[in-house]
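[1] sharing a sequence plus its predicted fold:
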Amino acid sequence: MRVCLDDDRGEYSFRCPVCAMTVVKAAEHRTIDLLVASGVHMDTWTLPEELYERKTGAPISHDDIIDFHAQLHNNEVLVEALQELND
């Protein structure tokens, strides 16, 4: 059981007895209360701070992602970027 402290969203997970895969389900407040009352351990988490950062500039486009992917596979571009970080 996990509950977000910022927006009270909850979810629980269990292992399927048939296929042994982990299943994750959303949980309403009533379900959370019932699971906790029956002894299920509850973890809490918070939304990442990046969600609250002010956004500037144009959104990243599909073409930006393709260009970035190409640059990751170009060793010269990668070496230049790493050198700039060290300067």
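    Done, it's in.
[2] for residue 86, grab the count of nearby residues.
    Using other C-beta atoms under 10 Å, residue 86 has 5 neighbouring residues. C-betas here are computed from N, CA, C, even on glycine.
[3] just the C-alphas of stretch 68-78, formatted as PDB.
    Provided in PDB are the C-alpha atoms of stretch 68-78 (Å, rounded to 0.1, in the frame of the first residue of the first chain):
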ATOM      1  CA  PHE A  68      18.900  14.000 -28.600                       C
ATOM      2  CA  HIS A  69      18.900  10.200 -29.300                       C
ATOM      3  CA  ALA A  70      21.200  10.700 -32.300                       C
ATOM      4  CA  GLN A  71      23.500  12.900 -30.200                       C
ATOM      5  CA  LEU A  72      23.700  10.200 -27.500                       C
ATOM      6  CA  HIS A  73      25.100   7.800 -30.100                       C
ATOM      7  CA  ASN A  74      27.600  10.300 -31.500                       C
ATOM      8  CA  ASN A  75      30.900   9.900 -29.400                       C
ATOM      9  CA  GLU A  76      32.300  13.300 -30.500                       C
ATOM     10  CA  VAL A  77      29.200  15.200 -29.200                       C
ATOM     11  CA  LEU A  78      29.300  13.200 -26.000                       C
END
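[4] report the buried residues of it.
    Within stretch 68-78, no residue is scored as buried using 16 or more other C-beta atoms under 10 Å.
[5] run the chain-centre distance for that stretch.
    On the basis of C-alpha atoms, centre = their mean, to the nearest Å, stretch 68-78 sits 25 Å off its chain's mean C-alpha point.
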